[in-house]
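Peer 1: Here is my input; please provide its structure:
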Amino acid sequence: MSTPTGARTTSSSTEPEPFRIEVPDAVLDDLRDRLARTRWPDQIPGTGWDYGAEIDTVRELCEYWRTQYDWRAAEAELNRWPQYTATVEGLHVHFVHARSPHPEAIPICITHGWPGSISEFLDVLGPLTDPTTHGGDAADAFHVVAPSMPGYGFSGPTTETGVDIRRVAATNVALMELLGYDRYGAQGGDWGGIATAHMGQLARDHLLGIHVNMAIPRPPEGDPMAGVQPDELQGLADMAHFREHETGYQRIQGTKPQTLAYGLTDSPAGLAGWILEKFRTWSDCGGDVWSSFTRDQLLTNITIYWVTGTINASTRLYYESMRSGGLGALDGRVEVPTAIAMFPHELFRPPRAWCEQIYDVQQFTHMPAGGHFAAMEEPELLVDDVRRFFRRFRQA
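Peer 2: Here you go, the predicted model:
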């Protein structure tokens, strides 16, 4: 398969430089001090999660963050994977570039979403790059490129307007070119899934195929129920419920992200509450967030936002994208082979007939478990589905 031929720099892109995560002790000391001095809000007794993040759960998580969570262990785990930074099409980009030991591996760009980070992929990087050490076959290996989206994590805050999801996708395409990959795959969920769809349009001649675990819904013209199967009706009902009851964050982040940023940038408890509530609501946890994630998993993700100061820039992606056509707007169809992994607690579970309005669907999998954060909740299911899809593109 495709191998890198050396970095291809341009006037708006630079040679990748090795990067290690090394958060200063003073930043961690300040974090613990702020957690100790949290001014907690009130909550009406007996209301649980009805009004948002439940206070006892947030307090317990923040106390664990302050007294037991080990960022240095998380930092070491992240630093196991080769990381780089580069200027790509004028934007600063941090990325993992994990080359497989198997020479016939397929290059793949995997993209996270909000409120996620590259830490979402810690349980899939090994199985994707070196399947033989994880019970798999060398023929299913990938060279993995996992960027921190511009404005997220160690890519740092964006410093200009107009960085919408199309530009994120264009940056991913330019990054793969910069690394010398001519033919490759792409995978993503949430914003990463939308960016992956845009990549399929921007780099049709370079994409072998795309795999998404959040599909953009688009009903067919005329009768929107044409082709909808009985077992797909619940997905439509759940999408309607999500739009009615769970999109307040979109309206805030898509209209006044700067106002929100003062609280989330200054208060680690505020940041934890904002992100924790999404992981509980959007995952297949049955209301018990700790049945799907460990405290350390969530705090590694939250801490990345904190130490990089990127929660504001991350929410600006909503503002910019809503002003350039909408959160999932695409111009026409995605004409590259597409696999859709439909997890039962995903936010958007459109019928296959709707998906076929947008994608060249060649694989459509109804998963038995999992939600919005597939790489964290059900890494084995996700990896198996990605492997199965890309086998068709491998050399005999």
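
Peer 1: pLDDT wise, what is Gly6 at?
Peer 2: The pLDDT attached to Gly6 in the predicted structure is 52.

Peer 1: Start the count at 67 instead of 1 going forward.
Peer 2: Sounds good: first residue 67 from here, last item Gly72.

Peer 1: so where's the stretch 67-216 of the chain shaky on pLDDT?
Peer 2: Counting by pLDDT under 70, the stretch 67-216 of the chain contains low-confidence ranges at 67-77.

Peer 1: how about the strands in it?
Peer 2: Using DSSP state E, counting those that start in this stretch, the strands of the stretch 67-216 of the chain run over 83-85, 149-154, 157-164, 172-177, 208-214.

Peer 1: Can I get the ones you listed in a markdown table including distance to Trp131 and mean neighbour count?
Peer 2: Just so you know, the C-beta spots here come from the backbone N, C-alpha and C atoms, and that holds for glycine as well. Shown next, in a markdown table, are those (distance: least, Cβ to Cβ, whole Å; neighbours: other Cβ atoms under 10 Å):
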| stretch | distance to Trp131 | mean neighbour count |
| --- | --- | --- |
| strand 83-85 | 25 | 12 |
| strand 149-154 | 24 | 21 |
| strand 157-164 | 23 | 22 |
| strand 172-177 | 27 | 27 |
| strand 208-214 | 21 | 26 |
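
Peer 1: export these to a markdown table and tack on distance to Glu446?
Peer 2: Shown next, in a markdown table, are the strands of the stretch 67-216 of the chain (distance: least, Cβ to Cβ, whole Å):
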| stretch | distance to Glu446 |
| --- | --- |
| strand 83-85 | 29 |
| strand 149-154 | 25 |
| strand 157-164 | 18 |
| strand 172-177 | 16 |
| strand 208-214 | 15 |
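
Peer 1: Out of those strands, which is closest to Glu287?
Peer 2: Of all the strands of the stretch 67-216 of the chain, it is strand 172-177 that lies closest to Glu287, at 29.8 Å by Cβ to Cβ.

Peer 1: for the stretch 117-266 of the chain, what spans make up the helices?
Peer 2: Counting by DSSP state H, counting those that start in this stretch, the segments of the stretch 117-266 of the chain that form helices are 121-133, 137-144, 191-195, 231-244, 257-268.

Peer 1: got the angle between the longest one and strand 149-154?
Peer 2: For helix 231-244 against strand 149-154, the angle between stretch directions is 110 degrees (axes from the mean of the first three to the mean of the last three Cα atoms, to 10 degrees).

Peer 1: Hey, what's the angle from helix 231-244 to helix 257-268? Just curious.
Peer 2: Using the same axes, to 10 degrees: helix 231-244 against helix 257-268 is 70 degrees.

Peer 1: what angle do helix 231-244 and strand 208-214 make?
Peer 2: 140 degrees.

Peer 1: which outside residues touch helix 231-244?
Peer 2: The contact list for helix 231-244 (Cβ atoms under 8 Å, 6 or more residues apart in numbering) reads 73-75, 79, 82, 152, 154-155, 157, 159, 161, 173, 175, 177, 211, 213, 215-216, 250, 252, 257, 260-265, 268-269, 272, 383, 386-387, 390, 393.

Peer 1: For that helix, the averaged confidence score.
Peer 2: 98.

Peer 1: Mind exporting the C-alpha coordinates of that helix to PDB?
Peer 2: Output of helix 231-244 as PDB, limited to C-alpha atoms (Å, rounded to 0.1, in the frame of the first residue of the first chain):
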ATOM      1  CA  ILE A 231     -15.400  22.000   9.500                       C
ATOM      2  CA  ARG A 232     -14.600  22.200   5.700                       C
ATOM      3  CA  ARG A 233     -11.300  23.800   6.600                       C
ATOM      4  CA  VAL A 234     -10.600  21.100   9.200                       C
ATOM      5  CA  ALA A 235     -11.200  18.500   6.400                       C
ATOM      6  CA  ALA A 236      -9.000  20.400   4.000                       C
ATOM      7  CA  THR A 237      -6.300  20.500   6.700                       C
ATOM      8  CA  ASN A 238      -6.500  16.700   7.100                       C
ATOM      9  CA  VAL A 239      -6.200  16.200   3.400                       C
ATOM     10  CA  ALA A 240      -3.200  18.600   3.300                       C
ATOM     11  CA  LEU A 241      -1.600  16.800   6.300                       C
ATOM     12  CA  MET A 242      -1.900  13.400   4.600                       C
ATOM     13  CA  GLU A 243      -0.200  14.900   1.500                       C
ATOM     14  CA  LEU A 244       2.400  16.500   3.700                       C
END
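
Peer 1: can you give me the helices in the stretch 317-462 of the chain?
Peer 2: Along the stretch 317-462 of the chain, counting by DSSP H, counting those that start in this stretch, helices occupy 323-332, 334-348, 361-374, 377-388, 418-421, 440-443, 445-456.

Peer 1: list the helices and strands the second one packs on?
Peer 2: In this structure, helix 334-348 makes packing contacts with helix 91-102, helix 121-133, helix 323-332, helix 361-374, judged by 3 or more Cβ pairs under 8 Å, 6 or more residues apart in numbering; DSSP states H and E.

Peer 1: just how off-centre is the second one within its chain?
Peer 2: For helix 121-133, the separation from the chain centroid amounts to 25 Å (computed by Cα atoms, centre = their mean, to the nearest Å).

Peer 1: Could you check it and say which residues are buried?
Peer 2: Ile121, Thr123, Val124, Leu127, Cys128, Trp131, Arg132 (16 or more other Cβ atoms under 10 Å).

Peer 1: Between helix 361-374 and it, find me the angle.
Peer 2: 70 degrees.

Peer 1: what do you get for the third one?
Peer 2: Computed by the same axes, to 10 degrees, the angle separating helix 323-332 from helix 361-374 equals 110 degrees.

Peer 1: average pLDDT for helix 323-332?
Peer 2: 99.

Peer 1: Let me have that helix in PDB, keeping just the CA atoms, if that works.
Peer 2: Output of helix 323-332 as PDB, limited to C-alpha atoms (Å, rounded to 0.1, in the frame of the first residue of the first chain):
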ATOM      1  CA  PRO A 323     -18.900  30.800  22.400                       C
ATOM      2  CA  GLN A 324     -16.800  33.700  23.800                       C
ATOM      3  CA  THR A 325     -19.300  34.300  26.600                       C
ATOM      4  CA  LEU A 326     -19.300  30.700  27.600                       C
ATOM      5  CA  ALA A 327     -15.500  30.600  27.500                       C
ATOM      6  CA  TYR A 328     -14.900  32.800  30.600                       C
ATOM      7  CA  GLY A 329     -16.500  30.300  32.900                       C
ATOM      8  CA  LEU A 330     -15.000  27.100  31.300                       C
ATOM      9  CA  THR A 331     -11.500  28.500  30.900                       C
ATOM     10  CA  ASP A 332     -11.300  29.800  34.500                       C
END
